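**Student:** could you look at this predicted model? Sequence included:
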Amino acid sequence: MNCNVCGSVKLEVMLKLPDYPLNSIFVDDIVDKRIYAADFELYQCASCFHIQGKSTFSFDDLYNDGYMYAANSDGVQKRMRLLLEHVLGVCKDKQFNRIIDIGCNQMAFLRMLKSAGLVARHWIGIDPVPLLHANREEGFEFIQGYIQEVDI
């Protein structure tokens, strides 16, 4: 795997979460509860300090007619705080040109990063799920679409 920003192969594992549950998915009937869990890993590039994630979830499994996500649920908030703790441990006192959250759903984690003191010139959220009008904030840019279709 290469860094998505600079192309370096010098990626260091920051965090490994085996069988990480998909946050707050709501479906009518779950036959196999493990269908909504997948391995997730967070990496940092040693060359440019970019942080990127890797999940074993397929797009077809993730974005389907039964998918809905609640960024304000207790479970999601706990997971975001855990991730925030790890990111701040590595990125505290650094300044970034862009912080991009892929799969940002309502940009909750971006807001959390910014309020925790991370500094960036551009805050960008990308998600195929439409952003609610109430969550549009100055200083944040939302792009509706799949990452492979977005040109930043």
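**Tutor:** Yep, it's here.
**Student:** now do the helices in this protein.
**Tutor:** 59-62, 74-91, 108-115 (DSSP state H).
**Student:** just those helices: most buried one?
**Tutor:** Mean neighbours per residue, mean count of other Cβ atoms under 10 Å, is largest over the helices of the chain for helix 108-115, with a mean of 19. C-beta coordinates here come from the backbone N, C-alpha and C atoms, glycine included.
**Student:** pLDDT on it, on average?
**Tutor:** Mean pLDDT, helix 108-115: 91.
**Student:** how about low-confidence regions in the chain?
**Tutor:** Along the chain, segments meeting pLDDT under 70 span 22-36, 59-75, 132-137.
**Student:** if we can go back for a sec, among the helices of the chain, which comes closest to Met14?
**Tutor:** Closest to Met14 of the helices of the chain, according to Cβ to Cβ: helix 74-91, at 5.9 Å.
**Student:** give me the helices and strands touching the closest one, please.
**Tutor:** Other elements packing on helix 74-91 under the criterion 3 or more Cβ pairs under 8 Å, 6 or more residues apart in numbering; DSSP states H and E are strand 11-21, strand 37-45, strand 51-55, helix 108-115.
**Student:** and the helices of the chain: which comes nearest Asn2?
**Tutor:** The nearest among those, by Cβ to Cβ, is helix 74-91 at 19.2 Å.
**Student:** give me the angle between the closest one and strand 51-55.
**Tutor:** 140 degrees (axes from the mean of the first three to the mean of the last three Cα atoms, to 10 degrees).
**Student:** follow-up on the earlier one: can I get the helices of the chain in JSON lines including distance to Asn4?
**Tutor:** Listed next are these as JSON lines, based on distance: least, Cβ to Cβ, whole Å:
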{"stretch": "helix 59-62", "distance to Asn4": "17"}
{"stretch": "helix 74-91", "distance to Asn4": "16"}
{"stretch": "helix 108-115", "distance to Asn4": "17"}
